[in-house]
Structure formats: structure tokens, C-alpha cells
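Trainee: fold the stuff below for me.
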Amino acid sequence: MAKKKPDVKKKAAAKKNAPVKKKAAAKKSAPVKKKAAAKKSAPVKKKAAAKKKISAKARFNAAWLKKQREALLAERESYTRHAEFLEAEADQLARDREPGDVQFDEESGEGDSIAVERDRDLQLSAQARAAIQEIDEALERIKKDTYGISVVSGLPIPKERLEAIPHADKRVEEKATGMSWR
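Mentor: From the prediction side, this is the model:
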């Protein structure tokens, strides 16, 4: 017996006539936000107002600044004389010492007193030279009209501090908190 071939046309017609299943209603999604027609640009931040440059001439009168300058020069001269004296003394100690004078035994310790004294003189002279450098920097600040302004924060140094330490370049709280460590 011969098998019947299913009629392709009939099946296609049957599919056409079959009721169409409705798709489940799609869930409503959140309303889409409309983009702004022209996106506003973020407001441009104004640069922080530059700190007003505090002038030494504006804070202090000319007579007071002259007095400070004279005090700085006198202090510089004193430190210079002291440093030169100590260096000369150290050189003299080195010349007076004979080669082989250093003894390292139980009686003399680790070296003679002349070498120790010479080292002390050189260290004190170096400290005096460092103070001279600080004074020179203060004199330069007077010339640049920045005298009395902290080099750390830019805030004014109180007049009383400058009278006590004319070469001061930091406020007390900056010096005390270690903000000035070099």
C-alpha cells in the first residue's frame, strides 16, 4: 500500500485559520526621562579669590621697618664676629697641636681635649653662620615687601614676635607644631 503524503497546502491553510494567541501584555517600564534639550553646562567655578598680598609697608610704618632693619644688621654683625672668632680659634687649635698628639688610651679617653674643643668651636661657628643666613633672608624679605609674612602659611606674623625675633619667618604655632621642619 502506498502511503499518503500529507497535504502541505492544507496544513498551511489550517495554520492561517488558527486563532492567534495574544502575547502577554508587556509590563510598563518606568517612563523614560527626556533628555534636556540643551544640557546646561556645569557652572564654572570661580578661582578662589587670591589671597590679598599683605604688604609689609601697609602693616608697618616706615620708621618701624627701619628700626627692624637696623636691629637685623646689628644682629648680623654680632653673629659674623662670633663666627669668625670661633673659626680663628679652631684654626689656632689645629696649628698648635702637634701631629700624633691624639692619644687613645684609658687615661685620655677617646681623644684629647684640644680636638674636642676644636670640634665644638666649628659647630658653634656653623650655627652662627646659619643664623646669619636667616638674617640675610629677613633683610631680603624687607626689600621684597614680604617681611612679617609667614613663609609657611602666608599669614601675618604678629608684630610682637618680630620685635622679639627680628629674623622670624614663621608664626609661633607653625614653629611649635613642627610645620617648619626642613
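
Trainee: what are the phi and psi values for Ile149?
Mentor: Ile149 adopts backbone torsions of phi -110, psi 130, taken as degrees, to the nearest 10.

Trainee: if I look at it, how far off is Pro158?
Mentor: 12 Å (C-beta to C-beta, to the nearest Å). The C-beta positions use only the backbone N, C-alpha and C, and glycine is treated the same way.

Trainee: also Arg81?
Mentor: 30 Å.

Trainee: what number of residues lie near Ile149?
Mentor: Here the count is done by other C-beta atoms under 10 Å, and Ile149 has 21 residues near it.

Trainee: right, I mislabeled it, should have said Gln68
Mentor: With other C-beta under 10 Å as criterion, Gln68 counts 22.

Trainee: which residue is the nearest non-sequential neighbour of it?
Mentor: Nearest non-adjacent residue to Gln68, counting by C-beta to C-beta, 6 or more residues apart in numbering: Pro166, 5.3 Å away.

Trainee: so for that neighbour, what's the pLDDT?
Mentor: pLDDT, Pro166: 93.

Trainee: my guess is it meets Arg141, correct?
Mentor: No - at 10.8 Å, Pro166 does not count as touching Arg141 under the criterion of C-beta atoms under 8 Å.

Trainee: those two: which is more packed in?
Mentor: The neighbour comparison of Pro166 against Arg141 (other C-beta under 10 Å) goes to Pro166, with 23 against 17.

Trainee: which intervals of this protein have sub-threshold pLDDT?
Mentor: Residues of the chain meeting the criterion pLDDT under 70: 1-56, 98-112, 178-182.

Trainee: do a quick rundown of the helices in it.
Mentor: All helices of the chain, identified by DSSP state H, fall at 8-17, 56-59, 62-96, 113-144, 159-164, 172-176.

Trainee: which of those sits closest to Ser153?
Mentor: Among the helices of the chain, helix 172-176 comes nearest to Ser153, with 6.2 Å by C-beta to C-beta.

Trainee: for the residue nearest to Gln68, what are phi and psi?
Mentor: Dihedral angles for Pro166 - degrees, to the nearest 10 - are phi -60, psi -30.

Trainee: can you pull the contacts of it?
Mentor: 68, 71-72, 75, 135, 138 (C-beta atoms under 8 Å, 6 or more residues apart in numbering).

Trainee: Phe85 too?
Mentor: So Phe85 contacts nothing (C-beta under 8 Å, 6+ apart).

Trainee: no further queries at this time; thank you.
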